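Colleague: sequence first, predicted model second:
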Amino acid sequence: MRLQDLAESLHLRELTPEGAGRSTESDVDITEGYASDLLSDVLAHAPAGGILVTLQIQPGIVTVAGMAGLRAVVFTCGRVPEGEAIQKATEEGLPLYVTALDTFEAIGRLYSLGIRGGTNTGGDGRTRGARVQAAREEFARALPHRRRSEEPGLAPVWVQADTHMPPSSGR
């Protein structure tokens, strides 16, 4: 669905001046979206080319959305970021919208319009799960002198490989 049509269907109010810093951004086809209020989560998992739905109104959301390759940001519950964020988004050509809907309702309506959740493959073609597994393996290789202790009933911990862990005393 075109971004402009999506905004009209949901009665979104645009916060960035239409056309400022972007050529045909409103004609872009949006098929995926992501909802999160954690900047690190957005950066790691939002689908490039998608739309972000969030309550987060700090200026950093514009930077993160740009780094994640998102096409637009929708702020829910009528929350509007400060002028600094709007100015930065205008300069970067990132459309910002606001809706009075809460996040759950906004996502439900996006879903009914055909927007689906997406997974950022990180540009390397691997899924999120594959990237997490690779990171775990890299971590394990970086610490060859350690091993993971998994005693029954206890949380796994990393211990020196050359030490012996006595059995649990039950405490």
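Modeller: That came in fine, so what should we check first?
Colleague: residue ranges for the strands of the protein, please.
Modeller: Secondary structure of the chain, counting by DSSP state E: strands at 13-14, 32-35, 51-54, 72-75, 96-98, 116-117, 146-149, 157-160.
Colleague: a markdown table please, covering these and showing distance to Glu105, mean neighbour count and mean pLDDT.
Modeller: For the C-beta atoms, the positions are set from N, CA and C on the backbone; glycine is no exception. As requested, the strands of the chain are arranged in a markdown table below (distance: least, CB to CB, whole Å; neighbours: other CB atoms under 10 Å; pLDDT from 0 to 100):
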| stretch | distance to Glu105 | mean neighbour count | mean pLDDT |
| --- | --- | --- | --- |
| strand 13-14 | 16 | 14 | 94 |
| strand 32-35 | 11 | 22 | 93 |
| strand 51-54 | 10 | 25 | 96 |
| strand 72-75 | 12 | 26 | 96 |
| strand 96-98 | 14 | 22 | 96 |
| strand 116-117 | 16 | 13 | 88 |
| strand 146-149 | 43 | 14 | 54 |
| strand 157-160 | 43 | 12 | 53 |
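Colleague: and the gap between Gly93 and Leu70?
Modeller: Gly93 is 12 Å from Leu70, where distance means CB to CB, to the nearest Å.
Colleague: those two - which one has more neighbours?
Modeller: Leu70 (26 against 15; other CB atoms under 10 Å).
Colleague: which residue comes closest to the more buried one once chain neighbours are left out?
Modeller: Distance criterion CB to CB, 6 or more residues apart in numbering; nearest residue to Leu70, sequence neighbours excluded, is Leu52 at 5.1 Å.
Colleague: which segments of this protein make up each domain?
Modeller: For the chain, automatic domain parsing gives the domain ranges 3-117, 128-160.
Colleague: quick one: end-to-end distance for the longest one.
Modeller: When the termini of domain 3-117 are compared using CA to CA, to the nearest Å, they are 16 Å apart.
Colleague: re the thing from before, now the strands of the chain as TSV including distance to Lys88?
Modeller: As requested, these are exported to TSV (distance: least, CB to CB, whole Å):
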stretch	distance to Lys88
strand 13-14	15
strand 32-35	20
strand 51-54	15
strand 72-75	11
strand 96-98	10
strand 116-117	26
strand 146-149	43
strand 157-160	41
